[in-house]
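Undergrad: structural data only, the sequence is not supplied:
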């Protein structure tokens, strides 16, 4: 019997945000501290796209990466015009991680975060049960201590200022109301004349072992 292949570990390194020009270029929102090293010619990315996308289940190969007016721009093999580039807009790029390579600063694999205690004001309030990856930033799903309730904590430096994998904990400084219900006067219903309704939905389509990165901006 052949030995099972080890599960791939992948890193989220960017999101394609906009077609640029007429020759297939795309502007990139970077999720890596080493874009010139990640986006080298020949680098192959796995695409996170909706199931209905013609790119679902496919990969792209970097042909060229450059900076234009301080904006990162990438060209892929077989994407030669604006229509092709438009079909890739909003795709999230993942790359296989070289386990022997040093980790980037302020970046952790999901499996390093899952199971860590979540500490607030010196007291454990729960445990991380998974990491959700969104285009803007990652979310830490926290199972509260002594309860079945789950809280989603934005993985940004302003709210998660410390990650100590060796000590088995993360320190959080959440805004009021994230881990407990606020008094009624602070959670009053929105004005009945307002037509605005917050959208709390998020589409997450990632089933690989990934690396989460603390966003420096809240």
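TA: Looks like it arrived, so ask away. Keep in mind it's a predicted model, so treat the numbers as computed, not measured.

Undergrad: hey, where'd the helices end up in the chain?
TA: Using DSSP state H, the helices of the chain run over residues 35-38, 82-86, 110-113.

Undergrad: any idea of the mean pLDDT for stretch 33-43?
TA: The pLDDT scores in stretch 33-43 average 89.

Undergrad: centre of the chain to that stretch, how far?
TA: The chain centroid and the centroid of stretch 33-43 are separated by 18 Å under Cα atoms, centre = their mean, to the nearest Å.

Undergrad: what pairs with the closest residue to residue 76 other than its chain neighbours across the strands?
TA: Distance criterion Cβ to Cβ, 6 or more residues apart in numbering; nearest residue to residue 76, sequence neighbours excluded, is residue 60 at 4.3 Å. The C-beta positions use only the backbone N, C-alpha and C, and glycine is treated the same way. Residues in a beta bridge with residue 60, per DSSP bridges, are residue 45.

Undergrad: closest to the centroid, which residue in the protein?
TA: When the chain is reduced to its mean C-alpha position, the closest residue under Cα atoms, centre = their mean turns out to be residue 133, at 3.7 Å.

Undergrad: across the sheet, point out what pairs with that one.
TA: According to DSSP bridges, the residues that bridge with residue 133 are residue 138.

Undergrad: how far away is it from residue 174?
TA: Per Cβ to Cβ, to the nearest Å, residue 133 is found 20 Å from residue 174.

Undergrad: show me where the chain has strands.
TA: Taking DSSP state E, the strands of the chain run over residues 10-20, 25-30, 44-48, 59-68, 71-76, 92-96, 107-109, 117-120, 123-133, 138-144, 150-154, 162-164, 169-171, 211-213.

Undergrad: for those, which one sits closest to residue 178?
TA: Nearest to residue 178, of all the strands of the chain, is strand 150-154, at 6.4 Å by Cβ to Cβ.
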